[in-house]
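K.L.:
Structure of the sequence below:
(one chain, ligands or ions: 3)
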Amino acid sequence: MLKPCIAFILCSMMLLAIPLVHSIDQDPLAVEEWFKNLQTMTQKTTHLHFYLHDQVSGNSPTALRVAQSSITSTSPTSFGFIAMADDKLTSGPEPNSTVVGQAQGIYGSACLEEAALLMTMNLVFNWPQYNGSTLSLLGRNAPYHPYREMPIVGGSGVFRMAKGIATAKTYEFNTTSGDAIVEYNVIVVHY
Ligand SMILES: *[C@@H]1O[C@H](CO)[C@@H](O)[C@H](O)[C@H]1NC(C)=O
Ligand SMILES: *[C@@H]1O[C@H](CO)[C@@H](O)[C@H](O)[C@H]1NC(C)=O
Ligand SMILES: *[C@@H]1O[C@H](CO)[C@@H](O)[C@H](O)[C@H]1NC(C)=O
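P.N.:
Ligands and ions are numbered 1, 2, ... in the order given. Presented below is the predicted three-dimensional model:
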């Protein structure tokens with residue numbers, strides 16, 4: 001009568017341990033071991049949904065201009081400006097909703113014809129099951145288009161060898177302050 005009970009407890013413990021192991025084993029040998037097992041691992045598809053808060057104004061901005069070109073101030077698209085960001089990612093659109101990660105990286109105006117950004121961002125998650133794992137986003141973001149599609153080119157931690165697509169949709173843009181809240185849907189294939 002005891003055995004099923006013990007088995008259940010062990011199973012539960014293992015289920016709890018698996019995500020932790022994934023997020024902790026980042027030493028070179030563990031990564032090598034992971035690659036050895038790649039052939040036998042099955043692909044997973046993970047869908048993430050969150051809101052990015054690009055705060056450029058106020059006392060505690062999270063995105064700051066770090067460089068510009070000789071024509072940025074006269075260019076209709078602010079061509080050549082570059083910003084460094086550490087933007088908050090939250091589960092809901094409200095600025096006070098649960099923080100699920102950060103978008104850290106560089107974006108800049110890379111188009112003379114229309115407003116369009118080159119995005120090079122690391123999405124760093126702190127959801128318990130993805131804690132410390134990252135996804136690397138590299139793509140074109142034309143902020144006035146309703147949907148922007150950007151490639152996810154890789155990842156780390158539970159997202160090793162990830163490939164996928166991020167779609168961005170502006171939830172709120174304050175034309176006075178420049179602050180934006182952007183809804184992201186990310187779909188990645190990983191192992
Ligand atoms: C979040 O902010 C809204 C107003 O924008 C407020 O109504 C709500 O109570 C706040 N929630 C928390 C948990 O602070
Ligand atoms: C995520 O990891 C950091 C350090 O690696 C730790 O301080 C934090 O408590 C962890 N958070 C969760 C939700 O596991
Ligand atoms: C837009 O930003 C301005 C300047 O920071 C602020 O005064 C205004 O309340 C903001 N508008 C909204 C709708 O949040």
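
K.L.:
which SSE is the residue nearest the centre of the chain in?
P.N.:
Geometric centre of the chain, nearest residue: Leu123, 2.6 Å, by C-alpha atoms, centre = their mean. Using DSSP states H and E, the element containing Leu123 is strand 117-125.

K.L.:
Direction included, what does that strand pair against?
P.N.:
According to DSSP bridges, strand 117-125 forms sheet pairs with strand 99-109 (antiparallel), strand 134-141 (antiparallel).

K.L.:
Now do the helix or strand that the last one is followed by: which elements does it pack against?
P.N.:
Put plainly, it is strand 134-141. Using DSSP H and E, the helix or strand that follows strand 134-141 in sequence is strand 148-156. On a contact count with 3 or more C-beta pairs under 8 Å, 6 or more residues apart in numbering; DSSP states H and E, strand 148-156 meets strand 134-141, strand 163-173, strand 180-190. From N, CA and C alone the C-beta is placed, and that goes for glycine too.

K.L.:
Give the buried residues for strand 148-156.
P.N.:
Neighbour counts over strand 148-156 (16 or more other C-beta atoms under 10 Å) mark Arg148, Met150, Ile152, Gly154, Gly155, Ser156 as buried.

K.L.:
Isn't Met121 up against Gly101?
P.N.:
No - applying C-beta atoms under 8 Å, one finds Met121 not in contact with Gly101, separated by 11.0 Å.

K.L.:
picking that back up, among the helices and strands packed on strand 148-156, which is nearest Ala115?
P.N.:
strand 134-141 (9.3 Å; C-beta to C-beta).

K.L.:
Next, see if that closest one gets close to ligand 2.
P.N.:
No - with C-beta under 6 Å from any ligand atom as the criterion, ligand 2 is not reached by strand 134-141; the gap is at least 12.5 Å.

K.L.:
Wait, Tyr51 touches Val182, no?
P.N.:
Yes - here Tyr51 reaches Val182: they are 6.8 Å apart, a contact under C-beta under 8 Å.

K.L.:
Tell me the residues of this structure that contact ligand 3?
P.N.:
So far as C-beta under 6 Å from any ligand atom goes, the chain lies against ligand 3 at Ser57, Asn174, Thr176, Ser177.

K.L.:
Mind checking which of those land in helices?
P.N.:
Using DSSP state H, the subset of the residues of the chain next to ligand 3 located in helices is empty.

K.L.:
Mind checking which of the residues you listed are buried?
P.N.:
Among those, none counts as buried (16+ other C-beta under 10 Å).

K.L.:
Using a markdown table, please lay out the residues you listed together with pLDDT and distance to ligand 2.
P.N.:
Supplementary listing: those in a markdown table, determined by pLDDT from 0 to 100; distance: C-beta to the nearest ligand atom, whole Å:
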| residue | pLDDT | distance to ligand 2 |
| --- | --- | --- |
| Ser57 | 97 | 30 |
| Asn174 | 97 | 31 |
| Thr176 | 96 | 36 |
| Ser177 | 96 | 31 |
